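Enquirer: Quick one, what's the 3D model for this:
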Amino acid sequence: MIRHVIALFLVVGLAANASAGLRYAESTPPSTLNPLLARDMPSVRASELVYEGLLTPPDAGEVRPLLAERWDVGPDGRTVTFYLKRGVRWHDGRPFTARDVVFTVEAGRNPANASPLHSQFAAFESVEALDDHTVRFRLAHPSANPVLLFDFRILPAHRFPDGRLAGGDPSAVGTGPFRFREWAPSGEIRFEANPDYHRPGQPGIREVEASPVPDDNIRNELLRYGAVDLIPRVRPRDIPVLEELSGIRLYPYSTLSYAFVGINFRNPLLRDLRVRRALARGIDREAMLKAHYGGRGVVISGPFPPASWAYNFDVKPWPHEPDTAARLLDEAGLTDSDGDGIREKDGEPVRLRLVSLAASEAQKAVVLDLQQQLKGLGIGVEVKFLEPSAWRKAVFQDHDFDLVLAEWTFDHSVNIYSLFHSAETGPGRNNLGAYANPEVDRLLDQTRGATNSESLRAAYGELHRILHDDLPYLFLWSLNRYAAVSTRIDNVRLHPFYFFSYVGSWKER
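Expert: Residues are numbered from 1 along each chain as shown. The predicted structure follows:
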């Protein structure tokens, strides 16, 4: 009770001192403002305020000019030439040129930079600045819709003189509607409107402040009392309450995302397909979805979000069959010989390490639920809740986990190459569990050379089936997303993946 009273005083105090602009609250702080290094959605969202791409992010498969005025696609489908917008300047006053585009691509595909977009940049065989305002790309393979490959943000070459992205440009200089102002010791990040923005009439908001607020209840109270104007992701159980508040509007947006439990194939026990299938059949995902998210989502069967064009609806999720799960574990040689409730393998108790972000209340509840359900199968689970930087190090650098609860969010291309191809294994790469399957590699390579949507859809459909059966992940669910926004912010439009894509046209009332 005392805790809630203190929180309420905090909220009222913040509301009284709130300044004009847009203030939003994230459950975890951004780890970086560099769009080529961003792995978490708070970082992606914050970088969208500062940086821009050649084209607008795809929306229903359509793109529009942004830093490029126009483009030409060669008759072979492998050459794309962009003609850049003139007069655009970086936030530090330097002119934007084709050199910046070339630098961004080269930095993104440089393995030393460990960009999560590395495989996307590998789609380009070459990139060349023909002059200050013209840049030509040569694709490694023909593409059915090549312009969809260009949804990355551009970095200023002059801010990274040695080509290294890590530790470079802490001031975050972009061309976007907002300029970085400060990253406060308390975690708040402040941005101010770019007075020299190249799109007329934008931005319509004077400043933006992002604040890390881990507690779901406190975020809601901050919104209720006007201390923040936006929560990008509303907890499902809070939706009915927020719907009743006159000063708040809920915006549904269909993110291309899903939650999963990643499996580390470096553990010999988990390389046994019988064990993975026992895990898949031993957890009750429908019950967890209902208990922790109010049923606002759908259980999934494979590596694509169900809102995407690539999802194979002919493949059904693994059913909850604990008896079958127990039999599979017995067949794999995992037995409880001493009757203590924990199975052994070759005389050693079976204990797995499950790591998760110390994020939302619901996510923590899911982790503890998983722990109990696996314990019911006779598998001991050590749970570790980690702060974002420690989590990224454990998962992507040190691979110090057996199971990891995580989420992927995709753009329109729903490109899964970097997640499951064996070449994408190693520090900083997205194949975090070192999964390797020659047939999956072959199909992923095939998707890179697909020349039409039909062949790409067929390859993705087969990949969906194989990955469902082979279980590099325990595929969990895709949630329905809602953002809560104060009615003092007008003209709000959200992009399913690039959340702040249209923030320049938002207005303060």
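Enquirer: Please count neighbours and contacts with C-alpha atoms only from this point.
Expert: OK.
Enquirer: can you tell me how far the residue nearest to residue 87 when sequence neighbours are not counted sits from residue 53?
Expert: Nearest non-adjacent residue to residue 87, counting by C-alpha to C-alpha, 6 or more residues apart in numbering: residue 95, 7.2 Å away. To residue 53, residue 95 is 15 Å away according to C-alpha to C-alpha, to the nearest Å.
Enquirer: one step back: can you give me the pLDDT of the residue nearest to residue 87?
Expert: Per-residue confidence (pLDDT) for residue 95: 98.
Enquirer: The one 3 residues further on now?
Expert: For residue 98, the pLDDT comes out at 98.
Enquirer: In contact with it, which residues?
Expert: For residue 98, the contacting residues are 84, 129, 130, 131, 132, 133, 134, 135, by C-alpha atoms under 8 Å, 6 or more residues apart in numbering.
Enquirer: got a markdown table for those residues, with neighbour count too?
Expert: Output for the contacts of residue 98, formatted as a markdown table (neighbours: other C-alpha atoms under 10 Å):
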| residue | neighbour count |
| --- | --- |
| 84 | 23 |
| 129 | 19 |
| 130 | 14 |
| 131 | 12 |
| 132 | 15 |
| 133 | 17 |
| 134 | 19 |
| 135 | 23 |
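Enquirer: Just the ones of the residues you listed in strands?
Expert: If you go by DSSP state E, these have 84, 129, 130, 131, 134, 135 in strands.
Enquirer: Please identify which of the residues you listed is nearest to residue 283.
Expert: Checking those against residue 283 by C-alpha to C-alpha gives residue 135 as the nearest, at 51.0 Å.
Enquirer: any idea where the helices of the stretch 351-500 of the chain begin and end?
Expert: Taking DSSP state H, counting those that start in this stretch, the helices of the stretch 351-500 of the chain run over residues 361-376, 388-392, 417-420, 438-448, 453-470.
Enquirer: Please name the bridge partners of the residue nearest to the spatial centre of the chain.
Expert: The chain has residue 409 as the residue nearest its centroid, 3.9 Å off, counting by C-alpha atoms, centre = their mean. Under DSSP bridges, the beta-bridge partners of residue 409 are residue 257.
Enquirer: hang on, the earlier thing: now the ones in strands among the contacts of residue 98 as JSON lines including pLDDT and distance to residue 275?
Expert: JSON lines is the format used below for the ones in strands among the contacts of residue 98 (pLDDT from 0 to 100; distance: C-alpha to C-alpha, whole Å):
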{"residue": "84", "pLDDT": "98", "distance to residue 275": "53"}
{"residue": "129", "pLDDT": "98", "distance to residue 275": "52"}
{"residue": "130", "pLDDT": "98", "distance to residue 275": "55"}
{"residue": "131", "pLDDT": "97", "distance to residue 275": "57"}
{"residue": "134", "pLDDT": "98", "distance to residue 275": "54"}
{"residue": "135", "pLDDT": "98", "distance to residue 275": "51"}
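Enquirer: so which of the residues you listed comes closest to residue 245?
Expert: residue 84 (45.2 Å).
Enquirer: that older thread, residue 95 and residue 53: who's more crowded?
Expert: Legend: neighbour count by other C-alpha atoms under 10 Å for residue 95 and residue 53, higher for residue 53 (20 against 15).
Enquirer: what sits against the more buried one?
Expert: Residue 53 makes contact with 66, 67, 150, 151, 152, 153, 154, according to C-alpha under 8 Å, 6+ apart.
Enquirer: Please report the distance of the closest residue to residue 484 other than its chain neighbours from residue 307.
Expert: Setting aside the residues directly before and after it, residue 484 is nearest to residue 250 in space (C-alpha to C-alpha, 6+ apart), at 4.6 Å. Distance, residue 250 to residue 307, by C-alpha to C-alpha: 20 Å.
Enquirer: who has more neighbours, these two?
Expert: In terms of neighbours (other C-alpha under 10 Å), residue 250 is the more surrounded of residue 250 and residue 307; the figures are 19 against 12.
Enquirer: That one: which element?
Expert: Following DSSP states H and E, one finds residue 250 within strand 248-253.
Enquirer: partner strands of that strand, parallel or antiparallel?
Expert: Here strand 248-253 is paired, per DSSP bridges, with strand 481-486 (antiparallel).
Enquirer: and the partner strand, how far out from the chain's middle?
Expert: Strand 481-486 sits 18 Å away from the centroid of its parent chain (C-alpha atoms, centre = their mean, to the nearest Å).
Enquirer: residues in contact with that strand?
Expert: Applying C-alpha under 8 Å, 6+ apart, the external contacts of strand 481-486 come out as 223, 226, 229-234, 242, 247-255.
Enquirer: So among those, which ones count as buried?
Expert: 223, 226, 229-234, 242, 247-251, 253-255 (16 or more other C-alpha atoms under 10 Å).
Enquirer: For the stretch 251-400 of the chain, give me the ranges with low pLDDT.
Expert: For the stretch 251-400 of the chain, applying pLDDT under 70 flags the ranges 254.
Enquirer: ok so, going back, wait, doesn't the residue nearest to residue 87 sit right on residue 88?
Expert: Yes. Taking C-alpha atoms under 8 Å as the definition, residue 95 is a contact partner of residue 88 at 6.2 Å.
Enquirer: The stretch 151-300 of the chain: helices as residue ranges?
Expert: Counting by DSSP H, counting those that start in this stretch, the stretch 151-300 of the chain has helices at residues 216-224, 239-243, 273-282, 285-293.
Enquirer: tilt between the longest one and helix 453-470?
Expert: Meaning helix 273-282. In terms of direction (axes from the mean of the first three to the mean of the last three C-alpha atoms, to 10 degrees), helix 273-282 departs from helix 453-470 by 90 degrees.
Enquirer: neighbouring contacts of helix 273-282?
Expert: With contact meaning C-alpha under 8 Å, 6+ apart, helix 273-282 is reached by 269-270, 318-322, 324-326, 328-329, 331-332, 373-374, 377, 470-471, 474.
Enquirer: Can I get the buried part of these as one ChimeraX selection?
Expert: The buried residues among the contacts of helix 273-282 can be selected in ChimeraX (16+ other C-alpha under 10 Å) with this line:
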select :269,270,318,320,322,325,326,328,329,332,373,374,377,470,471,474
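Enquirer: In strands, which of the contacts of helix 273-282 appear?
Expert: Using DSSP E, the contacts of helix 273-282 in strands are residue 474.
Enquirer: So which elements touch the stretch of helix or strand residue 71 belongs to?
Expert: Using DSSP H and E, residue 71 sits in strand 68-73. The contact analysis (3 or more C-alpha pairs under 8 Å, 6 or more residues apart in numbering; DSSP states H and E) places strand 68-73 against strand 79-84.
Enquirer: How far away from the center of its chain is the strand it packs on?
Expert: Per C-alpha atoms, centre = their mean, the displacement of strand 79-84 from the mean C-alpha position of its chain is 28 Å.
Enquirer: helix or strand right after it?
Expert: Once the chain leaves strand 79-84, the next helix or strand it forms, by DSSP H and E, is helix 98-109.
Enquirer: by how many degrees do that following helix and strand 79-84 diverge?
Expert: 130 degrees.
Enquirer: Just the CA coordinates for whatever helix or strand comes next after helix 98-109, please, in PDB.
Expert: Following helix 98-109 in sequence order, the next helix or strand is helix 118-121 (DSSP H and E). Presented in PDB, the C-alpha positions along helix 118-121 are these (Å, rounded to 0.1, in the frame of the first residue of the first chain):
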ATOM      1  CA  HIS A 118      24.300  -7.900 -41.600                       C
ATOM      2  CA  SER A 119      22.300 -10.400 -43.600                       C
ATOM      3  CA  GLN A 120      20.100  -7.700 -45.100                       C
ATOM      4  CA  PHE A 121      23.100  -5.800 -46.400                       C
END
